[in-house]
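>>> can you look at this prediction? I've put the sequence above it.
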Amino acid sequence: MSRQPRAVVVGGGIGGLTAGLALQLRGWQVTVLERAGELRPVGAGISLAPNSQRALGVVGLGEEIRSLEAWEGDGGLLTPKGRWLSRADPKLAAERFGGSIVLLHRATLVDKLAGRLPAGVVRTASDARLLDPGDPDDPARPARVGTPEGDLEAELVVGADGINSTVRGALFPEHPGTEYTGFTTWRVLVPPLGRPFTQHETWGPGRIWGTHPFADGTVYAYAAAMAPAGQRAPGGDEKAELLRLYGSWHDPIPAILDAVEADQVLRHDVHQIAEPLPAFHRGRVALLGDAAHAMAPTLGQGGNQAIEDAVVLAHHAAPDALLDLSGYTAARLPRTTAIARKAMTVSRVNLTANRPLIALRNTAIRAVGALGPAFLLRGMDGIADWRPPQREPYAAPYAARTQQRADPARSSQDRSTQT
């Protein structure tokens, strides 16, 4: 019997854990290396669109994620004074794209993914570096990864180590890497407000704000504003900066800001890979997520595309270690490049500070909205309606292996009846 192929995933974020789970279910022996001392996702919330929900269905998490759906009632796009620019129709969106958006804490998704992996697969406090990308045409030359515990060899290495990926730098040292988009973001979580509110995104001059509930009533809010790279609030008081920028905006924004704990405000400058990589692979190494195609968050697709990457990569990684990484690049690079470019275009529109352009933009949005919500939904055609190449879930083999580990006597009996 041939040896089980080995895969090393560098990075224990959402994309890396999804890849680890998908490859595990495909029959690979997987090791996930996370540099931090614990699985601690960066950020607060993540919106899972129907495209990533279908991808998560491949690893057996689709229905569980959909059960967390909290989108009820209407919502839409507002001005800072609370005037409607357009209204959203979640039922129409669900019909068009085959499902609704599910908003949840990133830590919840990380826990669900990690919980499906066998014990010992994830190694934290493991700062990995790529030593050799290997040669897919030479079985005697696997890829090699250095760790504090020693070197690891693998038939496949997955670089899921984020926007500052060292794996990407080792594969493509000539690539310019990331660049600053020109805007910074804040994210906050506050307890339930105790009263209903309309979930919304609000566009002001050079600034946006969004407010959405989690399934448990916790309120997730995010903001973005044009700012010089590296700029921070005086004295590090980001709550005061949010009050200055958004405190006079419509309800419930002031109430949310009042409930924010000053030390719980997350702020990050937004960077992107403006020049696409020549490929998402080299040798026996594949890149996914922000390591491959960091993008502006204005379409809400960064994490969604990482999840897509993971299941498509597993689809191109046969259990007998016959890798088709060229096929993976062909499937993912054009799609993610187009989405990243669209996200940056949208950010230029919704973060403009030019007053005449704002007036023109708002008039156009109202005019399109008057034609019906379906016209506004067209912007997500080809994105939210994506379907993975692997339609059937990989969950059955995983369940069988889990049962075998739980009942070794039964597993032994089952094997004896098959011989």
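Okay, I see it. Numbering: from 1, shown residues only.
>>> and the longest helix along the chain, what's buried?
In the chain, ranked by residue count with DSSP state H as the criterion, the top helix is helix 325-350. Across helix 325-350, burial judged by 16 or more other Cβ atoms under 10 Å covers 325, 327-329, 331-333, 335-337, 339-340, 342-344, 347, 350. All C-beta atoms are positioned from the backbone trio N, CA, C, and that covers glycine.
>>> same deal with stretch 159-176?
Buried residues in stretch 159-176 (16+ other Cβ under 10 Å): 159-163, 165-172.
>>> next step: those residues restricted to helices.
Counting by DSSP H, those place 166, 167, 168, 169, 170, 171 in helices.
>>> which parts of the stretch 301-419 of the chain are helices?
For the stretch 301-419 of the chain, helices defined by DSSP state H, counting those that start in this stretch occupy the ranges 302-315, 325-350, 355-370, 373-377, 395-406, 408-417.
>>> meant to ask about the stretch 101-250 of the chain, not that
Using DSSP H, counting those that start in this stretch, helices in the stretch 101-250 of the chain cover 106-115, 166-171, 238-246.
>>> got those as JSON lines, with distance to residue 78 and mean pLDDT columns?
Output for these, formatted as JSON lines (distance: least, Cβ to Cβ, whole Å; pLDDT from 0 to 100):
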{"stretch": "helix 106-115", "distance to residue 78": "26", "mean pLDDT": "94"}
{"stretch": "helix 166-171", "distance to residue 78": "38", "mean pLDDT": "98"}
{"stretch": "helix 238-246", "distance to residue 78": "12", "mean pLDDT": "98"}
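>>> circling back: between the helices of the stretch 301-419 of the chain, which gets the lowest average pLDDT?
Lowest mean pLDDT within the helices of the stretch 301-419 of the chain: helix 408-417, at a mean of 37.
>>> first-to-last residue distance for stretch 229-246?
Taking Cα to Cα, to the nearest Å, stretch 229-246 runs 20 Å from one end to the other.
>>> may I see the buried residues of that stretch?
233, 238, 239, 240, 241, 242, 243, 245, 246.
>>> who touches the last one in this structure?
Applying Cβ atoms under 8 Å, 6 or more residues apart in numbering to residue 246 gives the contacts 207, 209, 223, 253, 257.
>>> for those residues, which one is nearest residue 92?
Nearest to residue 92, judged by Cβ to Cβ, of these is residue 209 at 24.2 Å.
>>> I'd say the closest one and residue 221 touch.
Yes - shown here, residue 209 and residue 221 form a contact pair, counting by Cβ atoms under 8 Å, at 6.9 Å.
>>> what is in contact with those two at once?
Jointly contacting residue 209 and residue 221 under the rule Cβ under 8 Å, 6+ apart are residue 253.
>>> and the nearest residue to residue 198 once chain neighbours are set aside, what's its pLDDT?
Distances taken as Cβ to Cβ, 6 or more residues apart in numbering put residue 75 closest to residue 198, at 5.9 Å, once the chain neighbours are dropped. pLDDT, residue 75: 85.
>>> wait, isn't residue 75 in contact with residue 90?
Yes - using Cβ under 8 Å, residue 75 makes contact with residue 90 at a distance of 7.4 Å.
>>> check which residues of stretch 269-282 are buried.
Under the neighbour-count criterion of 16+ other Cβ under 10 Å, stretch 269-282 has 269, 270, 271, 272, 273, 274, 276, 277, 279, 280, 281, 282 buried.
>>> could you check how far residue 224 is from residue 209?
Applying Cβ to Cβ, to the nearest Å, the value for residue 224 to residue 209 is 8 Å.
>>> quick one, which of residue 75 and residue 90 is more surrounded?
Counted by other Cβ atoms under 10 Å, residue 75 and residue 90 do not tie: residue 75 has more neighbours, with 20 against 17.
>>> pairing partners for that one in the sheet, please.
Counting by DSSP bridges, residue 75 is bridged to residue 88, residue 199.
>>> how close does it get to residue 282?
Taking Cβ to Cβ, one finds residue 75 at 43 Å from residue 282.
>>> residues contacting the residue nearest to residue 198?
When contacts are counted by Cβ under 8 Å, 6+ apart, residue 75 touches 87, 88, 90, 198, 199, 200.
>>> of those residues, buried ones?
Buried members of those, scored by 16+ other Cβ under 10 Å, are 88, 90, 198, 199, 200.
>>> let me know the closest of those residues to residue 313.
For these, the closest approach to residue 313 (Cβ to Cβ) belongs to residue 90, at 31.1 Å.
>>> and the nearest residue to residue 50 once chain neighbours are set aside, how many residues sit next to it?
Distances taken as Cβ to Cβ, 6+ apart place residue 99 nearest to residue 50, at 3.6 Å, with adjacent residues excluded. By the measure other Cβ under 10 Å, the count of residues near residue 99 is 22.
>>> same thing with residue 14?
With other Cβ under 10 Å as criterion, residue 14 counts 26.
>>> so how far is residue 139 from it?
Applying Cβ to Cβ, the value for residue 14 to residue 139 is 32 Å.
>>> and for residue 199?
Distance from residue 199 to residue 139, counting by Cβ to Cβ: 53 Å.
>>> before we move on, what about residue 248?
Separation of residue 248 from residue 139 (Cβ to Cβ): 65 Å.
>>> cool, and residue 62?
Residue 62 sits at a distance of 35 Å from residue 139 (criterion: Cβ to Cβ).
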